[in-house]
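Trainee: Okay, sequence plus prediction incoming.
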Amino acid sequence: MVSSVVSSGAPTSQVCPVPFAPIAESIPPNVFAVMDGKVAKAVAQGADVIDLAKGNPDAYPAQFIRDEAKRAVDDPLNARYTSFDGKPAFLEAAAKWYQREHGVSLDWPTQLFAVEGAVDALAGLYAILIEPGDAVAFADPYYPSYHCMARMCRAEEVLLPARENLGFLPDLDAVPDETWDRVKLLVLNYPNNPTGAQAPLEFLQHAVELARQHRFVIVHDYAYCGLGVGGSGPDAQQHSILEVPGACDVAIEVCSLSKMYAMAGWRAGFVAGNTAIVDRLKHYHYQMGSMITGSVQDAGTVALDSDQSCVAELADLYARRRSIVAEGLEQAGLRVFDSPGGIYVWAKVPGDWSGDRMADYLLDKAQVAVLPGSCFGTVGLDYVRLSLLKPQEQLQQAVERIGKVLG
């Protein structure tokens, strides 16, 4: 007689039968997932939350991009694995985009590589460049992945304070030579998340000079290219680090289609620059990654080949939204950084508030979710970040709620 055991109900708590690897034990909490949990709890309790914590575009790719994606889905070849490096047409379109938008000439077979978004590229670059104990430098405030990846690689983190009096750019000359000599990787991100700061070309030139002098690699996370808020001053201009003569000797740039074409869920981007780094990243990715879906690459190709008016329209949309949020927050007593780029508002909280206390208070009392600056390092402890990725009516409602509870 064969007996059987039928399991019912929730599984019992289980443990892994072997010790986890050090990398698994070093994974920090994901700040965005933590906030998602707080919002979900508030919604479950009946709150009508306007979620301005997410960086998830509410816009939709332009019609011509969607049309190409639909056509490409019906192409039988796109049901197959695509080439390891990315479709040649996609890489050629990226090279033409660099030439047209930034005046940069790249050899697409050796200086460009397709990836599934910026984080995919950053994870691969950390993996091939950083060993335990190596020093990784980045500005504070920072995008959380830079810190988390450094922790998981067991690297030394060199934080470069980027404060308001410097336009939220770090003072590279304040870093001692002996510290630069230890640095193996400098991560830059302009337009910046969370502050929206943009880097003048002179700043990028100086970074390249330091990298040459002290022999480190620069990774420029160019995820918000094209999304400026207008204006004619020098800080209103966006620059690829590859515009700097000789930058490809020391630098690699990561571009994403997520924000500039509102293709976040489609997962597409590319890396460009130093041939040796691109080549080694390719070989790492051959073993550890997967390629962008063929139909998405086809859609990305027509997006990159276009006149970029769809990007300009998104930038104008975000500029209008930013005006609504900035004005409302100023009236509520918060001081807003006059950021020239990106898709967020970075605001200093008043008095003896902290960003954490303000974020909790606004979720509880105003039913508006924002991220505290502590999610982005130590410099932003008295700041909050608000996303502009909601319709204008909801943004207006959100700042009215904030003004009411802070009145």
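Mentor: Looks like it came in fine. Here the structure is a predicted model, which is why all the values come from computation and not from measurement.
Trainee: Might you report the residue contacts of Met35?
Mentor: Met35 makes contacts with 53, 369, 371, 375, as judged by CB atoms under 8 Å, 6 or more residues apart in numbering. In short, each C-beta sits where N, CA and C put it, glycine included.
Trainee: JSON lines for these, including secondary structure and pLDDT?
Mentor: Shown next, in JSON lines, are those (DSSP: H, G, I helix; E, B strand; the rest coil; pLDDT from 0 to 100):
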{"residue": "Ala53", "secondary structure": "coil", "pLDDT": "95"}
{"residue": "Ala369", "secondary structure": "strand", "pLDDT": "97"}
{"residue": "Leu371", "secondary structure": "strand", "pLDDT": "97"}
{"residue": "Cys375", "secondary structure": "helix", "pLDDT": "95"}
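Trainee: Please pick the buried ones from those residues.
Mentor: Buried subset of those (neighbour count, 16 or more other CB atoms under 10 Å): 53, 369, 371, 375.
Trainee: Surely the last one is in contact with Pro144?
Mentor: This means Cys375. Yes - Cys375 lies in contact with Pro144 (CB atoms under 8 Å); the separation is 6.2 Å.
Trainee: so what sits against both of the two?
Mentor: The contact lists of Cys375 and Pro144 share Val31, where a contact means CB under 8 Å, 6+ apart.
Trainee: Mind listing residues that contact the helix or strand of the chain with the lowest mean pLDDT?
Mentor: When the helices and strands of the chain are scored by mean pLDDT, DSSP states H and E, helix 22-25 comes last with a mean of 88. Contacting residues not belonging to helix 22-25 are listed as 152, 154 [CB under 8 Å, 6+ apart].
Trainee: Tell me the first helix or strand C-terminal of it.
Mentor: Per DSSP states H and E, the first helix or strand lying C-terminal to helix 22-25 is helix 31-44.
Trainee: Go through that following helix and flag the buried ones.
Mentor: For helix 31-44, by 16+ other CB under 10 Å, it's 31, 35, 38-39, 42.
Trainee: now, which of these sits nearest Val115?
Mentor: Of all the buried residues of helix 31-44, Val115 sits closest to Val31, with 22.8 Å by CB to CB.
Trainee: these two touch, right, the closest one and Leu371?
Mentor: Yes - if you go by CB under 8 Å, Val31 and Leu371 touch, sitting 7.1 Å apart.
Trainee: I'd like to know how far Ala268 sits from Glu156.
Mentor: Distance, Ala268 to Glu156, using CB to CB, to the nearest Å: 33 Å.
Trainee: Which one's more surrounded, the two?
Mentor: Neighbour count, other CB atoms under 10 Å: between Ala268 and Glu156, Ala268 has more, with 27 against 16.
Trainee: got the end-to-end distance for stretch 158-167?
Mentor: By CA to CA, to the nearest Å, the extent of stretch 158-167 from end to end equals 20 Å.
Trainee: Sorry, wrong one. I was asking about stretch 254-272.
Mentor: End to end - CA to CA - stretch 254-272 spans 7 Å.
Trainee: so how far is that stretch from its chain's centroid?
Mentor: Stretch 254-272 has its C-alpha centroid displaced from the chain centroid by 10 Å (CA atoms, centre = their mean, to the nearest Å).
Trainee: tell me which residues of it are tucked away?
Mentor: Buried-residue list, stretch 254-272, by 16+ other CB under 10 Å: 254-264, 266-272.
Trainee: Pop the domain breakdown of the protein in here.
Mentor: As assigned by automatic domain parsing, the chain contains the domains 22-60+310-406, 63-305.
Trainee: Of those domains, which is nearest Thr12?
Mentor: Nearest of the domains of the chain (CB to CB): domain 22-60+310-406, 21.6 Å.
Trainee: I'd like the distance from that closest one to the chain centre, please.
Mentor: Its chain's average C-alpha position is 16 Å from that of domain 22-60+310-406, according to CA atoms, centre = their mean.
Trainee: Select the longest helix from this structure.
Mentor: Counting residues, the longest helix found in the chain (DSSP state H) is helix 309-331.
Trainee: which residues touch whichever helix or strand comes after it?
Mentor: Sequence-wise, the next helix or strand downstream of helix 309-331 (DSSP H and E) is strand 335-336. Applying CB under 8 Å, 6+ apart, the set of residues contacting strand 335-336 from outside is 325-326, 329-330, 345-348, 350.
Trainee: From those, keep the buried residues only.
Mentor: Applying 16+ other CB under 10 Å to the contacts of strand 335-336, the neighbour count classes 325-326, 329, 345-348 as buried.
Trainee: contacting residues for Tyr146?
Mentor: Residues in contact with Tyr146 (CB under 8 Å, 6+ apart) are 122, 136, 138, 187, 189.
Trainee: Partner strands of the helix or strand the third one falls within and their direction?
Mentor: Assessed by DSSP H and E, Phe138 sits inside strand 135-140. Partner strands for strand 135-140, per DSSP bridges, with pairing direction: strand 156-161 (parallel), strand 183-188 (parallel).
Trainee: Which is the succeeding secondary structure element to the last one?
Mentor: Which is strand 183-188. Sequence order places helix 201-214 as the next helix or strand after strand 183-188, per DSSP H and E.
Trainee: buried stuff in that next one?
Mentor: 203-205, 207-208, 210-211, 214.
Trainee: before we move on, what about stretch 146-160?
Mentor: Buried, per 16+ other CB under 10 Å, within stretch 146-160: 146-150, 152-153, 155-156, 158-160.
Trainee: Take those and lay them out in TSV including distance to Ala114 and pLDDT.
Mentor: Below are the buried residues of stretch 146-160 laid out as TSV (distance: CB to CB, whole Å; pLDDT from 0 to 100):
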residue	distance to Ala114	pLDDT
Tyr146	22	97
His147	26	96
Cys148	24	95
Met149	21	96
Ala150	25	96
Met152	24	94
Cys153	24	94
Ala155	27	97
Glu156	31	97
Val158	31	98
Leu159	32	97
Leu160	30	98
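Trainee: Including distance to Val229, could those go into TSV?
Mentor: TSV is the format used below for those (distance: CB to CB, whole Å):
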residue	distance to Val229
Tyr146	24
His147	27
Cys148	28
Met149	29
Ala150	30
Met152	34
Cys153	35
Ala155	34
Glu156	35
Val158	30
Leu159	27
Leu160	24
